[in-house]
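J.: quick check, what structure comes out for this input:
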Amino acid sequence: MKNRLFRLFSFVTAIILIVSSFPLSASAASFNQIVNATTDIIMTNEGNYTTVVRNDNGSLSIGKICWHGTNALNLLKDIVALNPTQALSILGSSLYNEIITSYSWNTKIPTSAEASVIAVFLSTAESRKVQDETAWKYISEYVDHGMALGITEPEALVFFADFENQNGRAGAASFYYEVRNAYGTVNLGTLYAASSKNPRRTRTYNFCATINWNNYSNSPAYRKDDIAPEISDVMVSDITSQGYTVSCTASDNVNVTSIYFAVFHKDDGSQNAKWYKQETTATASMTIDIAEFGNRTGYYYTFIYAFDEAGNYAYVELNAIKVPDATPTEPKLSLTVSATTDGTVGGEIRWKASTSGGSGDYLYTFDLYKDGKLIDKRNYSDYNDFPHTVKTTGSYYVVVSVYDKVSGKTTMASSTETNIFIPIVANSFKADMPAAILGQSVSWSLDVTGGEGELQYSYTLYKDDTVIYSSPYKKNYTKFTYPPDDSGVYNVIVNIMDSRSQVVSVKSDDITVIRPLSVSNVSFSSDYAVAGKSVTCSAEVLGGTGSYTCKFSIYCDDILVLESENISTSEFTFTVPKGGNYTAQVTVKDADSTVTQAEGGNLTADEKAKKGDANCDGELTAADARYTLRYSAGLEKVDEAFLYAMDVNEDGRIKAADARLILRVVAKIDKF
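T.: Residues are numbered from 1 along each chain as shown. A predicted model of the protein is given here:
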């Protein structure tokens, strides 16, 4: 019997990958040690040999470093090639053929069943061999890339390689240049400082900051664990005609990552086994439902497999489990009653009785009640439906008795109540204006008829689909008035309730409330500038109808010096043409051709920047020395027209000496 399912697995021992080792110059660790340490942290961040993530951003990811999409497909192809017979027996013909014939899995999301057998396939010795070799190749390329960019610190190379594993080669290169440009040097500290510092980045940084290189071999090495898990306390329980339950305990010297239950009916054979996976670290229990096997009773074979994170496994075979046939039960006569109605006085209610569990030869009686009183009756007949024309309002229901003419059994059932009321009819519900200007009150009027007794009304007011007011129910409340305090789209839902708690809801049309067009807060982005510098003039535009355009008129010493076109934004950037005192006028027009204006802004401009005023803010401070120093180091960009302000020693170059002289002048130690 063991050979039935044992043929599904044919494992071989892992091989040792031999790769040359060479040291990094001026480094405390060799290349191989760095790759081995990187492998360790990537597996901590990503997974293990049998990891399967079904949907990882649109495709699956698998294995110790979570190969994704088509990379995962190519990894599986390599594993299949080492032992096709074993691969076919584990994967099944459909998934096996898909793997060997597909070119792309960039949108592959496996089913739960496919994910289970892929995880089992990834536990084989062939898989561990391919994963070790492929991971070494990938991670070596990550480290090589970091070295080629100029990273020399071993800990920084580990951090960089983990980043590239998650973000790709282009993303890692972009990150490197971002760090170099921001900090001038690329090491573990600057890489972490520039990162998002999310849990993965922090975990990797802490690993790198405390790494002991003596823990990592100077030759290619992988996590070593040759001890298989142990399975104990196997128990079969709750055997019924629908299935059975199997439970067990699994233990391992490191960690049990998953337990599989492989089950097949004796008529199917092991090649058609169904695999059930449970993620666990201690105990597992699985209920087998024979509905998944065509509801066949009889003998079932069950195998339990336990896997650790290194891919080692153990299995036990249970004795054949017999699922008994269901015990036949005597049919039970049952009755249900349903009603159909148009819900109005003058309409018809029709009740229908549905019977099961008997001979099929029945007689029915119907007793009709209105408001708890018997008003009509039909004695035993073959008809299982009963119609009634409604003449007055009230609550109607029937009690039905059914007699089985073959068995002599009788059962009874009643219908739910069917309430017939005079319907509430809202003839109209609308506002007194199609649109309003902010400050106007809006009224909604309701015309309603019907209902039982005196009507009550409750109004709920919405602004831009959000409830802003709700009233309690009140009588004689057929007009609702509200003064909008903000622009937006308003509508109202009125709930109309009669004396029998019948409720009808009616929604009004939308009313648009607009704010009058206004423009204010005209200002410049700076209160000082130098001729030739760019300055932005902005204004705050509110209200109006539809989109708007702005025209900016710029004045220098009360003379118009430049004017913008009609633009669709409330900002206008211009180059200061000359020295003087600047103000601005903004003219706004909306879609209804409403026009409004505002003036403002106060900008003082000089014809030329002062000597040493590197940032052109009109003042000589330490900030100018810092700005000059950053420019000399290539960290700032300055329009060539203003370089003269930095060249304070007038030697034709911008150097640290200029920054030093500016600082001395600021401190009143020296003069220009």
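J.: residues in contact with residue 195?
T.: 163, 175, 201, 205 (Cβ atoms under 8 Å, 6 or more residues apart in numbering). Just so you know, the C-beta spots here come from the backbone N, C-alpha and C atoms, and that holds for glycine as well.
J.: tell me the phi and psi of the second one?
T.: Its backbone dihedrals place residue 175 at phi -60, psi -40, with angles given as degrees, to the nearest 10.
J.: got it, and the third one?
T.: Comment: the main-chain dihedrals of residue 201 come out as phi -60, psi -40, following degrees, to the nearest 10.
J.: state the distance from the residue nearest to it when sequence neighbours are not counted to residue 205.
T.: Excluding the flanking residues, the one nearest residue 201 by Cβ to Cβ, 6 or more residues apart in numbering is residue 195, at 4.4 Å. Residue 195 sits 8 Å away from residue 205, going by Cβ to Cβ, to the nearest Å.
J.: and the gap between the residue nearest to residue 201 and residue 42?
T.: As judged by Cβ to Cβ, residue 195 and residue 42 stand 16 Å apart.
J.: related to what we said a few turns ago, want to throw the contacts of residue 195 into a markdown table with pLDDT?
T.: Below are the contacts of residue 195 laid out as a markdown table (pLDDT from 0 to 100):
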| residue | pLDDT |
| --- | --- |
| 163 | 95 |
| 175 | 94 |
| 201 | 92 |
| 205 | 95 |
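J.: as CSV, these with neighbour count and distance to residue 110 would be great.
T.: CSV is the format used below for these (neighbours: other Cβ atoms under 10 Å; distance: Cβ to Cβ, whole Å):
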residue, neighbour count, distance to residue 110
163, 21, 28
175, 18, 32
201, 19, 30
205, 21, 34
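J.: Serialize those residues to CSV and add fields for distance to residue 256.
T.: Supplementary listing: the contacts of residue 195 in CSV, determined by distance: Cβ to Cβ, whole Å:
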residue, distance to residue 256
163, 31
175, 37
201, 29
205, 30
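J.: give me the neighbour count for residue 294.
T.: Residue 294: 9 surrounding residues under other Cβ atoms under 10 Å.
J.: rewinding a little: show me the two of the contacts of residue 195 that sit farthest apart.
T.: Within the contacts of residue 195, 175 and 205 form the most distant pair, 13.9 Å apart (Cβ to Cβ).
J.: beyond the lowest-mean-pLDDT helix or strand in the chain, next helix or strand please.
T.: Counting by mean pLDDT, DSSP states H and E, the chain has its least confident helix or strand at helix 2-6, which shows a mean of 35. Of the helices and strands lying after helix 2-6 in sequence (DSSP states H and E), the nearest is helix 31-46.
J.: what residues does the helix or strand following that next one touch?
T.: Per DSSP H and E, the first helix or strand lying C-terminal to helix 31-46 is strand 52-53. Residues from elsewhere that reach strand 52-53, judged by Cβ under 8 Å, 6+ apart: 47, 60, 61, 62, 66, 110, 115, 118, 119, 122.
J.: just the ones in helices from the residues you listed, please.
T.: 115, 118, 119 (DSSP state H).
J.: isn't the second one right next to residue 79, touching?
T.: The one in question is residue 118. No - checked against Cβ atoms under 8 Å, the pair residue 118 and residue 79 is beyond contact range at 10.1 Å.
J.: returning to what we had before: can you pick out the most distant pair from the contacts of strand 52-53?
T.: Farthest-apart pair in the contacts of strand 52-53 is 47 and 110; separation 15.6 Å (Cβ to Cβ).
J.: how close does the residue nearest to residue 201 sit to residue 180?
T.: For residue 195 relative to residue 180 (Cβ to Cβ), the value is 14 Å.
J.: overlap in contacts, those two.
T.: Here residue 195 and residue 180 have no joint contacts, going by Cβ under 8 Å, 6+ apart.
J.: for the stretch 51-200 of the chain, what spans make up the strands?
T.: Ranges of strands within the stretch 51-200 of the chain are 52-53, 61-62, 67-68, based on DSSP state E, counting those that start in this stretch.
J.: where in the stretch 101-250 of the chain is pLDDT low?
T.: The model of the stretch 101-250 of the chain has pLDDT under 70 over residues 219-226.
J.: and the helices in it?
T.: 112-121, 125-149, 154-183, 188-194, 199-209 (DSSP state H, counting those that start in this stretch).
J.: in CSV, list those helices along with distance to residue 471.
T.: Output for the helices of the stretch 101-250 of the chain, formatted as CSV (distance: least, Cβ to Cβ, whole Å):
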stretch, distance to residue 471
helix 112-121, 52
helix 125-149, 66
helix 154-183, 55
helix 188-194, 56
helix 199-209, 50
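J.: count the neighbours of residue 559 for me.
T.: Using other Cβ under 10 Å: residue 559 sits among 7 other residues.
J.: for it, what are its contacts?
T.: With Cβ under 8 Å, 6+ apart, residue 559 has no contacts at all.
J.: so what pLDDT did it get?
T.: Residue 559 is assigned 93 on the pLDDT scale.
J.: and it, bridged to which residues?
T.: residue 556 (DSSP bridges).
J.: distance check, it against residue 598.
T.: Residue 559 is 20 Å from residue 598, by Cβ to Cβ.
J.: equivalent analysis for residue 605, please.
T.: Residue 605 sits 22 Å away from residue 598, going by Cβ to Cβ.
J.: these two: which is more packed in?
T.: Per other Cβ under 10 Å, whichever of residue 605 and residue 598 has more neighbours is residue 605, with 22 against 17.
J.: other SSEs contacting the helix or strand hosting that one?
T.: Using DSSP H and E, residue 605 sits in strand 595-606. In this structure, strand 595-606 packs against strand 518-524, strand 528-530, strand 534-542, strand 580-590, with contacts taken as 3 or more Cβ pairs under 8 Å, 6 or more residues apart in numbering; DSSP states H and E.
J.: counting contacts, what elements does the longest one pack onto?
T.: Under the contact criterion of 3+ Cβ pairs under 8 Å, 6+ apart, strand 580-590 touches strand 518-524, strand 534-542, strand 548-556, strand 595-606.
J.: rerun that using 10 Å as the cut-off
T.: Strand 580-590 is packed against strand 518-524, strand 534-542, strand 548-556, strand 559-563, strand 571-575, strand 595-606, with contacts defined by 3 or more Cβ pairs under 10 Å, 6 or more residues apart in numbering; DSSP states H and E.
J.: for residue 446, find the nearest of the ones you listed.
T.: Nearest of the helices and strands packed on strand 580-590 (Cβ to Cβ): strand 534-542, 33.8 Å.
J.: most tightly surrounded among the helices and strands packed on strand 580-590?
T.: strand 548-556 (a mean of 20; mean count of other Cβ atoms under 10 Å).
J.: list the contacts for residue 671?
T.: For residue 671, the contact set (Cβ atoms under 10 Å, 6 or more residues apart in numbering) comprises 661, 664, 665.
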